[in-house]
Structure formats: C-alpha cells, structure tokens
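In: pasting the structure only:
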C-alpha cells in the first residue's frame, strides 16, 4: 500500500520568502509528526498531531513555524520569512495511533535550501 | 529529560565481519528504545524496538539489540555485515509522557568489500 508521501521533494527559496511543505500520511493513521534533520545530524521533533489537533508543539523553533492538519489527513508545515538556518530536510511520519508501541512510518522528506 | 548518545559517528567494517553500533540512553524510567536505518535517498525504516518485553530484541535483516539496564545501553549488532547494510543508523528513545521520538546523532556504517 501507499506510504507517507511528501511534496515537494526539493525546494529552493530565497531568504525572507514563505514556504509550505506538504505531508500525506498513510490512510487511516490518526497520529502525524513533523521532524527536521539538519545536515549530518539526527532528527529534531517539531510538532505532533493527534487527529486535527496538535497537543505537542514544543519543538517548533520559532513563531515563524506553524503547521495545520485538516480532515485527519493532509498536513502542511509553513515557514514564514525563511532564514538560512532553516535549510534542512523536513520529514513527516505517521502512525496508526499515538504511543511508543505504534511504529512511526516516515516519508522521504522535503529538502529545503534557503539561499 | 530522556536522551540517547551514539558513541561512534562512523564505523567501518569488512563484509562478512560482525557489526557493533553503540548506544547509551539516559532515562529515569524504563524507556521505549528503537533503532532506525536511513539508506541514501530513502526514508527512515524501523529496524527493531524495545518496549519492556524481552531484553534481546530481534529486528529485520539479521540485526538485533540487547537492552542492558545496568549499563544503560542498547547496542545494535549483526553477526555478519553485508554490503547492503551501509547506511546511517539512529538510536531513538520515546520519552515518557511524550509521543514524539528523540533521535541520537547517528552512526554512519561503511562496509568494505
């Protein structure tokens, strides 16, 4: 079956522009997560959705970052006024429910480059 | 706060020899621990997970890991490396009370012919 998909796969933007990154989770998965992976580093948690609500936004690095989820499906991560330090791979994951015993399935990521 | 430390950023082995990737965790409680693998230009894939059942956990592709509470370790091993094992490996903890995962900094495994 279809896995987690993300679009675009690559995005190059100029400093100061806004970008939107999209995640399509596995159908029926109620939990959705956004992570960021900077070059040569592990993943940093950004935000977690259970259904359409976000009980944990603690990883968002600044108020320039926001995310929403609609219809318990697609999620969009928006970065406003992008900075060069925002350059990273942004990964989305979904799971059938929340909790450590539920495997998180990862998408291929969106590589964001801010010039 | 719960965290993981991967002790080696790079490991190089010869094909057919054993693999050992080291991970130590920091936790006040019995954590849930995972190993994920990331092949170049591919998504992260779960190798195995420990969630307080058997301390020796078997995963996919011949990998296994042993949870040792006394040593706060969760090292990943494989008896015989294959060329296709070359990838980045992440030790991961699921912090108590949180749903998100906390990743280590990763170990890049090279397999020499």
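Out: Nice, thanks for sending it over. What you see is a predicted model, and the numbers here were worked out from it, not measured in a lab.
In: now the most centrally placed residue in chain A: closest residue in space, sequence neighbours ignored.
Out: Nearest to the mean C-alpha position of chain A, counting by CA atoms, centre = their mean, stands residue A:34 at 3.2 Å. If the residues on either side of it in the chain are set aside, residue A:34 comes closest to residue A:46, at 4.2 Å by CB to CB, 6 or more residues apart in numbering or on different chains. All C-beta spots, glycine's among them, are computed from the backbone N, C-alpha and C.
In: the one you found contacts residue A:36, doesn't it?
Out: Yes: between residue A:46 and residue A:36 there is a contact at 5.7 Å, judged by CB atoms under 8 Å.
In: picking up where we left off before, now the residue nearest to the centre of chain A: how far from residue B:88?
Out: Noted for residue A:34: a distance of 20 Å to residue B:88, by CB to CB, to the nearest Å.
In: what's the answer for residue A:88, then?
Out: For residue A:88, the distance to residue B:88 (CB to CB) stands at 15 Å.
In: neighbour-wise, which of the two wins?
Out: Ranked by neighbour count (other CB atoms under 10 Å in any protein chain shown), residue A:88 and residue B:88 place residue A:88 first, with 20 against 16.
In: now the helix or strand of chain A with the lowest mean pLDDT: how far from the chain's centre is it?
Out: Least confident helix or strand of chain A, by mean pLDDT, DSSP states H and E, is strand A:53-56 with a mean of 84. What separates the centre of strand A:53-56 from the centre of its chain is 13 Å, taken as CA atoms, centre = their mean, to the nearest Å.
In: name the helices or strands packed onto it?
Out: With contacts taken as 3 or more CB pairs under 8 Å, 6 or more residues apart in numbering or on different chains; DSSP states H and E, strand A:53-56 sits against strand A:43-50.
In: burial count for residue B:29?
Out: Number of residues near residue B:29 (other CB under 10 Å) recorded here: 10.
In: next, it: secondary structure please.
Out: Using DSSP: H, G, I helix; E, B strand; the rest coil, the structure places residue B:29 in coil.
In: which parts of chain A sit against chain B?
Out: A:3-4, A:31, A:33, A:35, A:40-45, A:48, A:50, A:55-56, A:59, A:91, A:93, A:98-101, A:103-104, A:106-109 (CB under 8 Å from any CB of the partner chain).
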